[in-house]
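Student: Need coordinates for the following:
(one chain, ligands or ions: 2)
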Amino acid sequence: MASKIHKICCVGAGYVGGPTMAMIANKCPDIRIDVVDINEKRIAEWNSEILPIYEPGLSDLVAEARGRNLFFSTETERAIREADIIFISVNTPTKTYGQGAHRAADLRYVESVSRTIAENAEEPKIVVEKSTIPVRTAEAIRAVFDASETQHHHEVLSNPEFLAEGTAISDLESPDRILIGGEQTPGGLEAINQLADIYNRWIPEERIIKTNLWSSELSKLVANAFLAQRVSSINSISALCEKTGADVDEVAKAIGADSRIGPKFLNASIGFGGSCFEKDILNLVYLCEHFGLPEAAQYWESVLQMNDWQKQRFADQIVDSFFNTITDKVISILGFAFKKDTNDTRKSPAIDVCKRLLEEKATLLIYDPKVEPTKIYDALETDEENSNVVICSDPNQTFEKAQAIVVLTEWDEFKDIDYEAAHQAMQKPAWIFDGRNVLDHKKLTGIGFKVRSIGKPNEA
Ligand code: UDX
Ligand code: UDX
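Tutor: Ligands and ions are numbered 1, 2, ... in the order given. A predicted model of the protein is given here:
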């Protein structure tokens, strides 16, 4: 069936909107896509050689389509007027004030985009929620449309994005599933099919799941909650492994071989980060509480409590290893992003660990291959004036006179560092705290390091 969609507008040129639209532009060269954002600097970066986000494979994808059928601008109103379908991909931070503070999502950006659509759309449109939002947001969007003077009937769809940062392009190219929720009315079902036709150009029909609106909205929160729960579960076991002499990687392998459990997402770590997991679980907790289900709320809240405990436990272990005195000690920090292959630091566990070490007055020499220094300073609520936070452009610069190396992100390049040379440059005894279990601990112990990792018997 020929697509009825000729023009797409995506509001929000972030980690989700940018890569998703770059993929659609590549798969559908006949569709014009306008990605718009209120942030002029961000748009200028999307139009430059150095994109605002780092994601393997993204710059090639953008280079191919940009100027052909992919356009980045701040012309929101024009793009909305011209589009057949509008994706809302703005951020939905956790509310910091009023009812639902620190739990519910702040929908003000979604609502403001909805108002702009209501005011500018000159004919009925399909409006797609791409941002992760609380269940029943579609209702809020609909209320904005219904209250507008034009009163066009725009169809609202929920089409949550499941890409993970660092693997966004392969996730978009070959997703496990595409989820589209809409009203179960003739108009709603037609809109679902039109959106499905776009994805169907490269994704087999059987991977496109069509549901009602609320199922789609809720499924996104639940998927993230289940993933985060797996990380908290294995992290809770990592603590037990450290006490009993079991090895968490061996346990993960053994349980992951059970096809009912599966091998993925069982890497014990210093804790999960990223913009979604905490926010989405808080949303789920809020929903459960709102609907009078405190036991269910408490259950999901414990996933976050376990995560906080894991981060704190790791930082405490570093401080304890130096007999509670790390004042003026130099510590090499390898990695600051919340996971490898991204420059994103939102909710990175590195922030909590570094803050804790700074509270103890350590001096941190920080290296991350992709995170810009300003982002690190901002995350640590400090600046270049602070001599206790030094950002290095080469990992080797962080070892000079350091007492410990702390691995906070699992960047592949950390495996290739010359640890013999690092050991020589460091103060003795030299420690390594591997918060991601990515290094060769036996080899490091052989070099003379005292090694601590997550969920493993101590090497020395
Ligand atoms: C996404 C999803 O949209 C969010 O719901 C999910 O939970 C986290 O990931 P992301 O793309 O990562 O957000 O967010 P971000 O990189 O902050 O991008 C959002 C963009 O929307 C920003 O560039 C911001 O300037 C833009 N924006 C925000 C608008 O263009 N208009 C607004 O009114 C508000
Ligand atoms: C997540 C979901 O995976 C994705 O489907 C959704 O669209 C957005 O939220 P993202 O946050 O980008 O994606 O990355 P993800 O790979 O899920 O990792 C989240 C955090 O969990 C990272 O800090 C990561 O290091 C940590 N993690 C993941 C572990 O500690 N152990 C694991 O086994 C897996």
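Student: Low-confidence stretches in this structure?
Tutor: 1-3, 459-460 (pLDDT under 70).
Student: Let me see the domain layout of it.
Tutor: 7-203, 245-460 (automatic domain parsing).
Student: In a markdown table: those domains, plus mean neighbour count and distance to residue 234.
Tutor: Quick note: C-beta positions are derived from backbone N, CA and C, even for glycine. Output for the domains of the chain, formatted as a markdown table (neighbours: other CB atoms under 10 Å; distance: least, CB to CB, whole Å):
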| stretch | mean neighbour count | distance to residue 234 |
| --- | --- | --- |
| domain 7-203 | 19 | 17 |
| domain 245-460 | 19 | 5 |
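Student: now the ones you listed as JSON lines including distance to ligand 1?
Tutor: Formatted as JSON lines, the domains of the chain follow (distance: least, CB to the nearest ligand atom, whole Å):
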{"stretch": "domain 7-203", "distance to ligand 1": "2"}
{"stretch": "domain 245-460", "distance to ligand 1": "4"}
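Student: List the residues that contact the closest residue to residue 346 other than its chain neighbours.
Tutor: In space, and not counting its chain neighbours, residue 346 is closest to residue 275: 4.1 Å by CB to CB, 6 or more residues apart in numbering. The contact partners of residue 275, by CB atoms under 8 Å, 6 or more residues apart in numbering, come to 15, 91, 344, 346-347.
Student: and which of those is nearest residue 423?
Tutor: residue 344 (31.4 Å; CB to CB).
Student: ok, which residues in the stretch 251-400 of the chain are in contact with ligand 2?
Tutor: When proximity is defined as CB under 6 Å from any ligand atom, the stretch 251-400 of the chain approaches ligand 2 at 265-267, 269, 272-274, 276-277, 338-339.
Student: In three-state terms, label residue 98 for me.
Tutor: What DSSP: H, G, I helix; E, B strand; the rest coil gives for residue 98 is coil.
Student: got it, and residue 364?
Tutor: Residue 364 ends up strand, using three-state DSSP.
Student: Tell me the bridge partners for it.
Tutor: residue 331, residue 389 (DSSP bridges).
Student: export the domains of the chain to JSON lines and tack on distance to residue 237?
Tutor: Output for the domains of the chain, formatted as JSON lines (distance: least, CB to CB, whole Å):
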{"stretch": "domain 7-203", "distance to residue 237": "23"}
{"stretch": "domain 245-460", "distance to residue 237": "6"}
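Student: Going along the chain, name the strands of the stretch 51-200 of the chain.
Tutor: With DSSP state E, counting those that start in this stretch as the criterion, the stretch 51-200 of the chain has strands at 70-73, 85-88, 126-129, 155-158, 178-182.
Student: could you dump the ones you listed to TSV with distance to ligand 2?
Tutor: Compiled in TSV, the strands of the stretch 51-200 of the chain are given as follows (distance: least, CB to the nearest ligand atom, whole Å):
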stretch	distance to ligand 2
strand 70-73	22
strand 85-88	15
strand 126-129	14
strand 155-158	14
strand 178-182	11
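Student: now those in CSV, with distance to residue 250?
Tutor: Putting those into CSV (distance: least, CB to CB, whole Å) gives the following:
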stretch, distance to residue 250
strand 70-73, 47
strand 85-88, 44
strand 126-129, 42
strand 155-158, 41
strand 178-182, 35
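Student: Determine which two of the residues of the stretch 251-400 of the chain next to ligand 2 are furthest apart.
Tutor: Longest span within these, CB to CB: 266 and 276, 18.9 Å.
Student: ok, the most centrally placed residue in the chain - contacts?
Tutor: Nearest residue to the geometric centre of the chain (CA atoms, centre = their mean): residue 274, 3.7 Å. Contacts for residue 274 were tallied using CB under 8 Å, 6+ apart; they are 165, 338-339, 344, 346-348.
Student: Is it possible to get TSV of the residues you listed that adds secondary structure?
Tutor: Putting the contacts of residue 274 into TSV (three-state DSSP) gives the following:
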residue	secondary structure
165	coil
338	coil
339	coil
344	coil
346	coil
347	coil
348	coil
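Student: Sort out which one of those residues lies nearest residue 434 for me.
Tutor: residue 339 (15.3 Å).
Student: That closest one and residue 273 touch, don't they?
Tutor: Yes. Between residue 339 and residue 273 a contact is recorded at 7.3 Å, counting by CB atoms under 8 Å.
Student: Just list the residues touching the residue nearest to residue 54 when sequence neighbours are not counted, thanks.
Tutor: The shortest distance from residue 54 to any non-neighbouring residue, by CB to CB, 6+ apart, is to residue 343 (4.1 Å). Counting by CB under 8 Å, 6+ apart, residue 343 makes contact with 53-54, 337, 370-372, 375.
Student: mind listing which of the residues you listed are in helices?
Tutor: Assignment to helices by DSSP state H places the following of the contacts of residue 343 there: residue 375.
Student: tell me the phi and psi of the residue nearest to the centre of the chain?
Tutor: Recorded main-chain torsions at residue 274 are phi 100, psi 160, according to degrees, to the nearest 10.
Student: What's the separation between it and residue 441?
Tutor: According to CB to CB, to the nearest Å, residue 274 and residue 441 sit 26 Å apart.
Student: got it, and residue 337?
Tutor: 23 Å.
Student: Residue 403: what's it in contact with?
Tutor: Taking CB under 8 Å, 6+ apart, one finds 322, 326, 329-331, 426-427, 430-431 in contact with residue 403.
Student: Next step: those restricted to strands.
Tutor: 330-331, 431 (DSSP state E).
Student: From these, pick the one nearest residue 151.
Tutor: Among these, and counting by CB to CB, the member closest to residue 151 is residue 331, at 60.8 Å.
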